[in-house]
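Peer 1: coords please:
(2 chains)
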Protein chains: 2
Amino acid sequence: MSQMFPSAAVLIIGNEILSGRTRDANLGFLAGALAEIGIQVRQARVIPDELSVIADNVNTLRHNYDSLFTTGGIGPTHDDITAEAVALAFGLPLTRHPEALRRLESHYGPDNLNDMRKRMADMPEGALLIDNPISSAPGFSLGNVHVLAGVPMIARAMFEQMKHRLIQGPPLLARTIRAFVAEGVLAKGLKEIQDANADVSLGSYPFMADQRLGASIVVRGRDAGRLDEVADLVATLMKSLNGDPHVETGEGNTKAL
Amino acid sequence: MSQMFPSAAVLIIGNEILSGRTRDANLGFLAGALAEIGIQVRQARVIPDELSVIADNVNTLRHNYDSLFTTGGIGPTHDDITAEAVALAFGLPLTRHPEALRRLESHYGPDNLNDMRKRMADMPEGALLIDNPISSAPGFSLGNVHVLAGVPMIARAMFEQMKHRLIQGPPLLARTIRAFVAEGVLAKGLKEIQDANADVSLGSYPFMADQRLGASIVVRGRDAGRLDEVADLVATLMKSLNGDPHVETGEGNTKAL
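Peer 2: The predicted model follows:
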């Protein structure tokens, strides 16, 4: 199924994520927003701020997925090297983009646009700007690689500005069925439902609430009618095991019933 | 520097992370806990619950880093296939581990230990158990691959049970210096400090508080004395730019001053 529809990868660039300092918030957003337009995130990687490491991962992922989103490393400081790394990956020169520079001049004013801030206008030759309505410094697209900021608010705003450029597919849909039935009790029946309905994907996620164990079963696919049918099968299974199933549209959440 | 000290990778296995349903909480924990014992996480990947994808990534990462931690996919349901995938990666048969089975029998009682739950005792031949003090089903180590649960509370408990097995190094230390000075204003001086002090790594992370922009500068390395010296240089730089630097030990956090 994944071969028929657009796929994406996410490359999270930053020592602060690998050190445990900062918890990534962009993968969850991108995964959900891309699912809405039919693009499935198939892999994410977190890597350090190192030129050759970034370039190597950009090349591997851009060749294996329909699109690649990077987050992080496009600010004004010495550790912001994503644009340089993408240029290296493509074998293209890094050039100062005139329109990006104009936007930075307009935002900072000529007196505050120092040399380090001007670096934010340096991009691989041929880059297409991604508007940044929050802090002006643009991201960019080059081929199927889309370079976004790391700050989640800015990454989200940039994505909204560029998503019309993406080749989209039928939305990825989900149904979530939850009950206070332990995974191990549901497992046999769930496997039978999965085996008989290979066109949808069933995920099982345990939770605990009020000191009781429960499971959220998420049915994923692109056909709403089929998801409803399979969600019914799961709900019937839960009832047969003395559960009181709660069915909702979408991926659900990790909160208790 | 990274070649001299133990490195690690983290493989986060689960469709629920890639769909945006669940936000990973294990990378941050593992990164911090490994840093304390001198092991640097150099890469993390998030991948779906697919046998060949898991096996391929296990093989790539176990060969490129001193140790590999996996999280997720070791429960009783059909989508829990990590043990099978690790066996495939190593070319070893999947066998029912007698001691793991004994622990499951003791936890569930003979009447509740159904066939799907017994699957949690299936591991690659030669696996060394990792105790699970919370829900009994063990993780395992095979060579330099350490297979942990996905539920954060259990992953943490398992890590505490097995960390004595790891080859450790001098702890990774950090100092964080924060002030209400914009990154773009600090950038030139920071680069000069980084260039003159290549034995430490300087990261710059913007924040906003009270509608003012600030930056957290994190100095990372293994020599506490050198970190203090470089942190002093950063604080002096911030003062020269009319900042009021706040210095703390460790990676700091993303909260404002």
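Peer 1: ok, and the closest non-adjacent residue to A:Met162?
Peer 2: Using C-beta to C-beta, 6 or more residues apart in numbering or on different chains and skipping the chain neighbours, the partner closest in space to A:Met162 is A:Ile130 (4.6 Å). The C-beta positions use only the backbone N, C-alpha and C, and glycine is treated the same way.
Peer 1: With A:Ala182 instead?
Peer 2: A:Leu213 (4.7 Å).
Peer 1: how many neighbours does the residue nearest to A:Met162 have?
Peer 2: 19 (other C-beta atoms under 10 Å in any protein chain shown).
Peer 1: buried set for stretch A:233-245?
Peer 2: A:Leu233, A:Val234, A:Ala235, A:Leu237, A:Met238, A:Gly243, A:Pro245 (16 or more other C-beta atoms under 10 Å in any protein chain shown).
Peer 1: Helices of the stretch 151-257 of chain A, start to end?
Peer 2: A:152-162, A:183-196, A:224-240 (DSSP state H, counting those that start in this stretch).
Peer 1: Any chance of the ones you listed in JSON lines with mean pLDDT as columns?
Peer 2: Listed next are the helices of the stretch 151-257 of chain A as JSON lines, based on pLDDT from 0 to 100:
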{"stretch": "helix A:152-162", "mean pLDDT": "98"}
{"stretch": "helix A:183-196", "mean pLDDT": "98"}
{"stretch": "helix A:224-240", "mean pLDDT": "98"}
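Peer 1: where in chain A is pLDDT low?
Peer 2: Scanning chain A for pLDDT under 70 picks out A:1-3, A:253-257.
Peer 1: Which residue ranges of it form strands?
Peer 2: Listed in chain order, the strands found in chain A under DSSP state E are A:7-13, A:40-47, A:67-71, A:94-96, A:122-124, A:128-130, A:139-142, A:145-148, A:173-179, A:201-209, A:212-221, A:246-249.
Peer 1: from these, which stretch is densest packed?
Peer 2: strand A:67-71 (a mean of 28; mean count of other C-beta atoms under 10 Å in any protein chain shown).
Peer 1: do you know how far the spatially closest residue to A:Asp56 that is not a sequence neighbour is from chain B?
Peer 2: Closest residue in space to A:Asp56, ignoring its immediate chain neighbours: A:Ala89 at 7.7 Å, by C-beta to C-beta, 6+ apart. As judged by C-beta to the nearest C-beta, to the nearest Å, A:Ala89 and chain B stand 17 Å apart.
Peer 1: Surely the residue nearest to A:Ala182 and A:Pro206 touch.
Peer 2: Yes: applying C-beta atoms under 8 Å, one finds A:Leu213 in contact with A:Pro206, separated by 6.5 Å.
Peer 1: any residues in contact with both of these two?
Peer 2: Counting by C-beta atoms under 8 Å, 6 or more residues apart in numbering or on different chains, the contacts common to A:Leu213 and A:Pro206 are A:Ala182, A:Glu183.
Peer 1: Pull the contacting residues for A:Leu94.
Peer 2: Counted by C-beta under 8 Å, 6+ apart, A:Leu94 has contacts A:Ala83, A:Glu84, A:Ala87, A:Asp122, A:Met123, A:Pro124, A:Glu125.
Peer 1: which of the residues you listed sit farthest apart?
Peer 2: Longest distance between any two of the contacts of A:Leu94 is 12.5 Å, between A:Glu84 and A:Glu125; criterion C-beta to C-beta.
Peer 1: Go through the helices of the stretch 151-257 of chain A and name the closest to A:Pro110.
Peer 2: Closest among the helices of the stretch 151-257 of chain A, using C-beta to C-beta: helix A:152-162, at 23.4 Å.
Peer 1: Pull out the buried residues from the closest one.
Peer 2: Quick answer for helix A:152-162 (16+ other C-beta under 10 Å): A:Ile154, A:Ala155, A:Arg156, A:Ala157, A:Met158, A:Phe159, A:Gln161, A:Met162.
Peer 1: residues making contact with that helix?
Peer 2: Residues contacting helix A:152-162 (C-beta under 8 Å, 6+ apart): A:25-26, A:29-30, A:33, A:69, A:71, A:130-135, A:139, A:141, A:146, A:148-149.
Peer 1: Stretch A:96-110 now?
Peer 2: With C-beta under 8 Å, 6+ apart as the criterion, stretch A:96-110 contacts A:113, A:117-118, A:120-123, A:127, A:129, A:135-138, A:140, B:184.
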